[in-house]
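**Student:** 3D model of this:
(chains A and B)
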Amino acid sequence: MASPFESYDDLEDADERLQAADPAERRVAIIALGHSGDPAAIGHLARMVDDPDAGVRQQVAMALGEFDGPEAAAALVKLLVDPERIVAAAAADSLAEFKDPASADVILPLVKHSHAFVRMGALRALKELRRKDTLKPALEALQDGDAAVRVQAIGVIGFLKLEESIPALTSLINDPDAHVRRAAVSALAFSHMKPAAETITRALKDEDWMVREMAAETLGLNVNGAVAADQLIASLDDAFWQVRLKAVRSLGKMKIERAVRPIGNCVTHEQANLRKEAAAALGEIAGADGEPFLVMIANDPDPDVRKNARWAQHQIAAKKAKAGA
Amino acid sequence: MPLATYQTSVPVVVDDAKCIADKGCTVCVDVCPLDVLRISDMTGKAYMAYDECWYCMPCEADCPTGAVTVNIPYLLR
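**Tutor:** Got it, this is the predicted structure:
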């Protein structure tokens, strides 16, 4: 939609300025075309993808990000393979904002490009388009030699939420790259299949703390996550407080009553974020045995911890009143 | 709002060599929520006219040529 405050109606004038000898003037014209929001500007911008000035091409890539659809995507695809990294990076960022599934037709061929950055950018762009025919190339890209490409391929598969992709995702739990393992664990969140929950549970023992953190968080989102309650309780002793925090949150979400005491032991941790999360989880579970822990943090130096503790006490009182009534 | 008297003493510094405001660019002026930036009548370049920056950063982030630098005070970092 065009800005209510400014008018860039005169595309002919902009086109004239796009031919200016000074690259700065061409950039200004491109900015105006991007801000116009007028789909007719896409054609004018597309003609600038071969501009000799890299800064101008970068500006074209940024301006095309204001639009959506196959025409703008086709121009951005040309900029994604630009030899200048600043141009290709701007094109990748803009393509990632696209939502029109029809854009996938021009992006898909780049999944096989010889440069890893282009393959990565193409897969990143396909993610939010959620087209079923992107599953096969994404599954193939899981074998890519570049870890960043594999991470983006997992993103495409994760957004599609198809149970048929679960075996491929679970196999990535042994990937040599921690970022890939972390992304795979995250993508398994949607699955209703038992093997997915089992794989996420195994990831709680991963050597990398960020994978363990993601596993602890994902179990709270997975429908079968409760089967791993005991392993999540064990994660409350993890060396990294970040892992403990996610385990606390997931146990609270799942309302695991036997977790009250282990969670309660977190309320005295030096990290205020963990104390705050523990208080909230005690409120979610609302078990009466959580009260002594909440009393301990009633005067916590962090106001958010005190606030969550008070809320949790109200939850416990409400549960008691409901049981009595 | 207090007028910014010395260009080097204000939080938002514009590199005149990179600034393309004289070519018609007004991105930093448009995005500033406090309207403290102006295009100089003398040089045609952007500058901070009023010293009331909130350090919200879009002027630096959106500048197409990277000409704008926002110097955030140490205590706000």
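**Student:** where does chain B dip in pLDDT?
**Tutor:** For chain B, residues meeting the criterion pLDDT under 70 lie at B:1-2, B:4-9, B:75-77.
**Student:** what does it have sitting close to chain A?
**Tutor:** Within chain B, the positions adjacent to chain A are B:Ile20, B:Lys23, B:Gly24, B:Cys25, B:Val27, B:Pro64, B:Thr65 by Cβ under 8 Å from any Cβ of the partner chain. Yep, even glycine has a C-beta here, placed from its N, CA and C like the rest.
**Student:** Can you name the residues that contact the closest residue to the second one other than its chain neighbours?
**Tutor:** Leaving aside its sequence neighbours, B:Lys23 sits nearest to A:Ala24 (Cβ to Cβ, 6 or more residues apart in numbering or on different chains; 4.1 Å). For A:Ala24, the contact set (Cβ atoms under 8 Å, 6 or more residues apart in numbering or on different chains) comprises B:Ile20, B:Lys23, B:Cys25, B:Thr65.
**Student:** A:Glu257 against A:Ile285, yeah?
**Tutor:** Yes: if you go by Cβ atoms under 8 Å, A:Glu257 and A:Ile285 touch, sitting 5.9 Å apart.
**Student:** element containing B:Arg38, please.
**Tutor:** strand B:37-39 (DSSP states H and E).
**Student:** Give me the contact list for that strand.
**Tutor:** Contacts for strand B:37-39 (Cβ under 8 Å, 6+ apart): B:Val12, B:Ala21, B:Thr26, B:Cys28, B:Val29, B:Lys45, B:Ala46, B:Tyr47, B:Met48, B:Ala49, B:Cys59.
**Student:** Phi and psi next, for the third one.
**Tutor:** Translated: B:Thr26. phi -130, psi 20 (degrees, to the nearest 10).
**Student:** Not counting its neighbours along the chain, what's nearest it?
**Tutor:** B:Ile39 (6.8 Å).
**Student:** That neighbour: neighbouring residues, count only.
**Tutor:** A count of neighbours around B:Ile39, defined by other Cβ atoms under 10 Å in any protein chain shown, yields 18.
**Student:** quick one: low-confidence ranges for the stretch 1-150 of chain A?
**Tutor:** Where the stretch 1-150 of chain A drops to pLDDT under 70, the residues are A:1-10.
**Student:** Contact residues of it facing chain B?
**Tutor:** Counting by Cβ under 8 Å from any Cβ, the residues of the stretch 1-150 of chain A near chain B are A:Arg17, A:Asp22, A:Ala24, A:Glu25, A:Arg27, A:Val28, A:Ala29, A:Ile31, A:Gly55, A:Gln59, A:Met62.
**Student:** pretty sure the second one contacts B:Cys25?
**Tutor:** No: taking Cβ under 8 Å as the contact criterion, A:Asp22 and B:Cys25 are not neighbours in contact, 11.7 Å apart.
**Student:** more crowded one of those two?
**Tutor:** A count of neighbours by other Cβ under 10 Å puts B:Cys25 above the other of A:Asp22 and B:Cys25, at 25 against 13.
**Student:** and that one, backbone torsions?
**Tutor:** According to degrees, to the nearest 10, B:Cys25 has phi -70, psi 140.
**Student:** Who are the contact partners of it?
**Tutor:** B:Cys25 neighbours (Cβ under 8 Å, 6+ apart): A:Ala24, A:Arg27, A:Val28, A:Ile31, B:Cys19, B:Pro64.
**Student:** what's the answer for A:Ala41, then?
**Tutor:** A:Tyr8, A:Leu11, A:Ala14, A:Leu33, A:Gly34, A:Ala63, A:Phe67 are the contacts of A:Ala41 under Cβ under 8 Å, 6+ apart.
**Student:** Please produce a markdown table containing those, extended by secondary structure and neighbour count.
**Tutor:** Formatted as a markdown table, the contacts of A:Ala41 follow (DSSP: H, G, I helix; E, B strand; the rest coil; neighbours: other Cβ atoms under 10 Å in any protein chain shown):
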| residue | secondary structure | neighbour count |
| --- | --- | --- |
| A:Tyr8 | coil | 19 |
| A:Leu11 | helix | 16 |
| A:Ala14 | helix | 20 |
| A:Leu33 | helix | 29 |
| A:Gly34 | helix | 20 |
| A:Ala63 | helix | 28 |
| A:Phe67 | coil | 24 |
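**Student:** Name the nearest residue to A:Ala73, ignoring sequence neighbours.
**Tutor:** Using Cβ to Cβ, 6+ apart, the closest residue to A:Ala73 is A:Ser103 (3.8 Å).
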